[in-house]
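**Student:** Here is my input; please provide its structure:
(one chain, ligands or ions: 1)
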Amino acid sequence: MPLILHAPPVLLRCTSSLPRRWLSTFNSSSSDFSFTSGYSSAIDTNTTIKGPLGDASLHGAHRLTPRALKEHLDKFVVGQRRAKRVLSTSVYYHYRRIQQVRQRQEEEEELTRVARAMDVHSLEDEFPGQQQTMHYQPDYGRDEFLPIHDHSPLTLEKSNVLCLGPTGVGKTLMIRTLARVLEVPFSMSDCTPFTQAGYVGEDADVCIHRLLAASNWDVRRAETGIICLDEFDKIAKPKSTHGSKDISGEGVQQALLKIIEGTTLQVSAKPERRPPSGLPGGSTVAGPGGPGGANKGEIFTVDTSNILFIFTGAFIGLDKVIMDRVSKGSIGFNAHVRTNGVALEDEKFRGYTPFFTPNEGEGGKKRKFNPLELAEPGDLINFGLIPEIVGRIPVLTAVEKLDEEMLVRVLTEPRNCLIKQYEQLFLMSGIELRFTSGALWEIAKAAMKMETGARGLRTVLERLLTDAMFEAPGSSIKYVLVTEAVAQKKQPPLYFGRGQKHQFHGAISEEEATWASYHGQMPEEKPVNRSYEDYKEKGKAAGFT
Ligand SMILES: Nc1ncnc2c1ncn2[C@@H]1O[C@H](COP(=O)(O)OP(=O)(O)OP(=O)(O)O)[C@@H](O)[C@H]1O
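**Tutor:** The predicted structure is shown next:
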């Protein structure tokens, strides 16, 4: 039960010395204070979550949990179980931190509002010409110092994240999906063009500039956003600089130190868009332009202490650094590592890191272990990052390479999967496009060879479908079929006209039957040829919606 104080007017004069949390609940109309005995900045787990996660359809109650975030990611990203868990957890706590920051800002605004409403005025106002005088009363009877009481509230600090792993396997997709679902501003910057300030290239501050733009120039929103710095490994110190200044490696790392830890930056920009009036938080613009000077260059003052930084990079060669370190640890382990290259056996891995959650494949299937999952700060320093920056990124996680089966799943399972996208594209011209199971596996195989992760899938599909995409619209073609032979580029896509629906489905069934008999031993979840509806059903069963 909140305690209600009926405060006499004389007490109201002293409000500025009262804890803010009391003031926040002051009801000026009734001259009542109400305050609770709990600490106001404690996390309120019942706070309604804004954004899609507040939507009961996503996770039942209005509750946000790391698990709910991970389950949401599962709908968009195939595999990467461990990275999903780590990122969901980090982003979840970032979101909670944002709530705390916003709560404090609201309290401060409330404090100002209440102070105004109560018409607080200084002693000088009451007695013009008088100065408030402080009298120092030395207390000679006491020999100990007065204890210093710091009433500043507990500050939740952020934990920046480093996500290591090969290209095109879903690192950015995961971060982008999380930022979108939480309605947190998000920006992405590539570290490759960064140089030390004063040299040709981009300053590291540009990432804050981009975040501001993504926040529609709302400084307050930007201050709680997420910045993804990609190609982070490209700013590692080279092994030898031959005595020259390392302006794109160590120089950039030094420049990033303050930004990622938390500093106040002055960003000068000419915003193209003005925030629509009534946006929550509004824009806090400082500088010559002021809030109205849309066309002039403006100075935005941004505090970076609550911006979450997520670094990503392939870190090619880091696996060898890790394996060398790991293999020094145990002779037996060493022998195993040497004979199996980078593949570590489950039991050995667990033995080496007993509290580690291995990156198991879905359905409890065993996967090859990824040496990057064993990365330690020391490995990153050996790779060329400076200890100061490594120390500011306490969370490390790794993503794994996508194998053929995962690529097939990328093609068919996520909400925005490529096959659905291409089928939709054709459907817009009144043409039904279908792929047989054999074709899907061939496409995945071809993408694997490109070594660009899931990005290769689109390249393969574009090459296969370019002709059909050109020929079919406006022609008599109503059905396009991509079979295994088509995907192997042994023949062009099969075209069927308006009256040939039967033949079209016949060709599909025939190939599927051959596929099933040939690959009878394949796991059940290997895709069979599906229509839209089949995809939906299969997707629902697998947790994709
Ligand atoms: N695991 C995955 N599940 C679903 N789609 C994926 C996955 N990995 C990659 N993709 C697809 O590939 C595209 C590229 O992936 P993403 O941008 O996340 O790569 P990345 O790992 O960040 O690579 P890079 O380091 O080169 O930026 C995504 O837009 C998505 O369509």
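**Student:** so what's whatever residue of the stretch 401-545 of the chain ends up closest to the ligand up against?
**Tutor:** The ligand sits closest to Ala454 of the stretch 401-545 of the chain, with a gap of 3.3 Å, by C-beta to the nearest ligand atom. Bear in mind the C-beta positions are built from the backbone N, C-alpha and C, glycine included. Contact partners of Ala454, counting by C-beta atoms under 8 Å, 6 or more residues apart in numbering, are 168-170, 402, 407, 410, 447.
**Student:** out of those, which touch the ligand?
**Tutor:** 168-170, 402, 410 (C-beta under 6 Å from any ligand atom).
**Student:** Dump the contacts of Ala454 into a markdown table; add neighbour count, distance to Ser437 and secondary structure as well.
**Tutor:** What follows is the contacts of Ala454, written out as a markdown table (neighbours: other C-beta atoms under 10 Å; distance: C-beta to C-beta, whole Å; DSSP: H, G, I helix; E, B strand; the rest coil):
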| residue | neighbour count | distance to Ser437 | secondary structure |
| --- | --- | --- | --- |
| Gly168 | 22 | 23 | coil |
| Val169 | 25 | 23 | coil |
| Gly170 | 27 | 23 | coil |
| Leu402 | 25 | 18 | coil |
| Leu407 | 25 | 14 | helix |
| Val410 | 25 | 15 | helix |
| Ala447 | 26 | 16 | helix |
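**Student:** can you tell me which of those residues lies nearest to Asp74?
**Tutor:** Checking the contacts of Ala454 against Asp74 by C-beta to C-beta gives Gly170 as the nearest, at 11.4 Å.
**Student:** Give me the nearest residue to the closest one, chain neighbours excluded.
**Tutor:** Of all residues beyond its chain neighbours, the one nearest Gly170 is Val77 (4.6 Å), with distances taken as C-beta to C-beta, 6 or more residues apart in numbering.
**Student:** could you list every residue that touches that neighbour?
**Tutor:** 84, 170, 173-174, 177, 414.
**Student:** Can you select the buried ones among those for me in ChimeraX?
**Tutor:** Buried members of these, defined by 16 or more other C-beta atoms under 10 Å, are picked up in ChimeraX with:
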select :84,170,173,174,177,414
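**Student:** ok, back up a step: turn the ones next to the ligand among the contacts of Ala454 into CSV, including distance to Tyr95 and pLDDT.
**Tutor:** Formatted as CSV, the ones next to the ligand among the contacts of Ala454 follow (distance: C-beta to C-beta, whole Å; pLDDT from 0 to 100):
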residue, distance to Tyr95, pLDDT
Gly168, 27, 91
Val169, 25, 93
Gly170, 21, 91
Leu402, 28, 90
Val410, 27, 93
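**Student:** picking that back up, name the SS class of the residue nearest to Gly170, please.
**Tutor:** coil (DSSP: H, G, I helix; E, B strand; the rest coil).
**Student:** Go ahead and confirm Gly430 touches Tyr479.
**Tutor:** No: using C-beta atoms under 8 Å, Gly430 is not in contact with Tyr479; the gap is 10.5 Å.
**Student:** Looking only at neighbour counts, state which of those two leads.
**Tutor:** The neighbour count for Gly430 versus Tyr479, taken as other C-beta atoms under 10 Å, is higher for Tyr479 (23 against 12).
**Student:** Remind me which helix or strand Leu212 belongs to.
**Tutor:** For Leu212, the element it lies in under DSSP states H and E is helix 206-214.
**Student:** now the next helix or strand after that helix: mean pLDDT?
**Tutor:** Next helix or strand after helix 206-214 toward the C-terminus (DSSP H and E): helix 219-222. Mean per-residue pLDDT for helix 219-222: 90.
**Student:** Export only the CA atoms of helix 219-222, formatted as PDB.
**Tutor:** Taking Å, rounded to 0.1, in the frame of the first residue of the first chain, the C-alpha atoms of helix 219-222 are listed here in PDB:
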ATOM      1  CA  VAL A 219      18.800  12.200 -29.900                       C
ATOM      2  CA  ARG A 220      17.000  10.600 -27.100                       C
ATOM      3  CA  ARG A 221      16.100   7.600 -29.100                       C
ATOM      4  CA  ALA A 222      19.500   7.400 -30.600                       C
END
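**Student:** which residues are in contact with the helix or strand that it is followed by?
**Tutor:** Note on helix 219-222: by DSSP H and E, the next helix or strand toward the C-terminus is strand 226-230. Strand 226-230 has contacts (C-beta under 8 Å, 6+ apart) with 91, 94, 171-172, 175-176, 178-179, 184-191, 207-208, 210-211, 256, 307-313.
**Student:** Which ChimeraX command selects the buried ones in these?
**Tutor:** A single ChimeraX command selects the buried members of the contacts of strand 226-230 (16+ other C-beta under 10 Å):
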select :91,94,171,172,175,176,178,179,184,185,186,187,188,189,191,207,208,210,211,256,307,308,309,310,311,312,313
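**Student:** Of the contacts of strand 226-230, which belong to helices?
**Tutor:** When DSSP state H defines the helices, the subset of those inside them is 91, 94, 171-172, 175-176, 178-179, 207-208, 210-211, 256.
**Student:** Just the buried residues of stretch 190-207, please?
**Tutor:** By neighbour count with 16+ other C-beta under 10 Å, stretch 190-207 contains the buried residues 191, 194-196, 201-207.
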